[in-house]
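> I need the structure of the sequence given here:
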Amino acid sequence: MLIGKGLHLRFGDLQVLDDVSVEIPTGQFTALIGANGCGKTTLLNVLARMQKPDAGEVLLDGRPQGQFSRRELARHLALLPQHTGSPAGMTVRELVAQGRFPWQGWWRPWSERDQQAVDRAAALAGIETLLDRQLSTLSGGQRQRCWIAMTLAQDTPVILLDEPTTFLDIAHQVALLELLGQLREQGRTIVAVLHDLNQAARYADHLVMMGKGRLLAQGAPKSVFTQANLKATFDLDAHIITDPHSGDPLCVPMTLQARRAVAEMAS
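Numbers count the residues shown, from 1 in each chain. Okay, here's the model as predicted:
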């Protein structure tokens, strides 16, 4: 299990994380949701040990993360950051192969296992036909899928993703979320920052809702995804309905006209 205890982090005068404690369930899909600037990305980076909190600690499988070497941690946990680049002259195949770095060493050259991991990751991300292309020649959506493949090639039990659906069209967004669901079924622990509330409620087993650096709610979607929580977190007036096929909660924002009608009825 991945656990954050009493996390505090300040950037100058801005309190980015304010006594945040989270428990990421093992073998489940957790979505971090909240308004822009609420601390979702910072929390993800702290959980990945990319940023050090001013106070508090992160435990992975009961051990403080500080006890892990960088290579050891990278064998347990993979991170797809929000902002990725296109290294000059690098091919897709070379990028995806970077995911095997934690498993490499002077005593362990490239192996058949590494090649199988790269091939499997490329197939899962749907980029087999792009492997010999240079990253700089690809569209934003194609590049995003290549970075996802690199993350999958790392072959870790815990996968953290910051806005993984960025640049993807709706079909590829759904395909990615379905893929993350499949990985969860295989026993992986998935944590993703998602902006689409309905996608978060539909695909995640566990929601972590944040606001202004604080944890507002965490738990199963049906307990977190409520009209009151959405209003408190996003200042969003919305109806919560139930998908008749899946039973998942869905958010339907109210129009200005509908909000006026409700206000008139209440007055």
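
> Okay, now stretch 161-169: how far is its last residue from its first?
Criterion C-alpha to C-alpha, to the nearest Å; first-to-last residue distance in stretch 161-169 is 17 Å.

> just stretch 91-100 next, same as before
According to C-alpha to C-alpha, stretch 91-100 extends 15 Å from its N-terminal end residue to its C-terminal end residue.

> Please identify the buried residues of it?
Residues of stretch 91-100 classed as buried by neighbour count (16 or more other C-beta atoms under 10 Å): 91-93, 95-100. Backbone N, C-alpha and C define where each C-beta goes, glycine included.

> and these as JSON lines, adding secondary structure, distance to Gln142 and pLDDT?
Supplementary listing: the buried residues of stretch 91-100 in JSON lines, determined by DSSP: H, G, I helix; E, B strand; the rest coil; distance: C-beta to C-beta, whole Å; pLDDT from 0 to 100:
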{"residue": "Thr91", "secondary structure": "strand", "distance to Gln142": "13", "pLDDT": "93"}
{"residue": "Val92", "secondary structure": "helix", "distance to Gln142": "9", "pLDDT": "94"}
{"residue": "Arg93", "secondary structure": "helix", "distance to Gln142": "14", "pLDDT": "93"}
{"residue": "Leu95", "secondary structure": "helix", "distance to Gln142": "12", "pLDDT": "93"}
{"residue": "Val96", "secondary structure": "helix", "distance to Gln142": "13", "pLDDT": "94"}
{"residue": "Ala97", "secondary structure": "helix", "distance to Gln142": "17", "pLDDT": "93"}
{"residue": "Gln98", "secondary structure": "helix", "distance to Gln142": "17", "pLDDT": "91"}
{"residue": "Gly99", "secondary structure": "helix", "distance to Gln142": "17", "pLDDT": "92"}
{"residue": "Arg100", "secondary structure": "helix", "distance to Gln142": "21", "pLDDT": "91"}
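
> which one among these gets closest to Leu138?
Nearest to Leu138 out of the buried residues of stretch 91-100 is Val92 (C-beta to C-beta; 7.5 Å).

> how much space is there between Leu152 and Gln182?
Summarising the geometry, the distance separating Leu152 from Gln182, computed by C-beta to C-beta, to the nearest Å, is 11 Å.

> outside of the lengthiest helix in the chain, which residues touch it?
The helix that spans the most residues within the chain, counting by DSSP state H, is helix 170-185. Residues outside helix 170-185 that contact it (C-beta atoms under 8 Å, 6 or more residues apart in numbering) are 27-29, 124-126, 141, 145, 148, 152, 159, 161, 164-165, 168, 190, 192, 196, 199, 202-203, 205.

> what about that helix, average pLDDT?
Along helix 170-185, the predicted local confidence has a mean pLDDT of 91.

> buried sites along that helix?
Judged by neighbour count (16+ other C-beta under 10 Å), helix 170-185 contains these buried residues: 172-173, 175-177, 179-181, 183-184.

> mind giving me CSV with those and columns for distance to Asp114?
Listed next are the buried residues of helix 170-185 as CSV, based on distance: C-beta to C-beta, whole Å:
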residue, distance to Asp114
His172, 26
Gln173, 29
Ala175, 25
Leu176, 24
Leu177, 27
Leu179, 21
Leu180, 23
Gly181, 26
Leu183, 19
Arg184, 24
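
> Which one of these is nearest to Pro249?
Taking C-beta to C-beta as the measure, Pro249 lies nearest Leu177 of those, at 16.1 Å.

> could you pull out the helices for this protein?
So, for the chain - with DSSP H - the helices run 40-47, 70-76, 92-97, 112-125, 140-153, 170-185, 197-203, 221-224, 227-234, 256-266.

> Out of those, which is closest to Gln82?
Closest approach to Gln82 among the helices of the chain (C-beta to C-beta): helix 40-47, 5.9 Å.

> That closest one - contacts with which helices or strands?
Packed against helix 40-47 by the contact rule (3 or more C-beta pairs under 8 Å, 6 or more residues apart in numbering; DSSP states H and E) you find strand 2-11, strand 14-24, strand 29-34, strand 158-162, strand 189-193, strand 206-211.

> For the fourth one, what is the distance to the chain centroid?
This means strand 158-162. Distance of strand 158-162 from its chain centroid, counting by C-alpha atoms, centre = their mean, to the nearest Å, is 5 Å.
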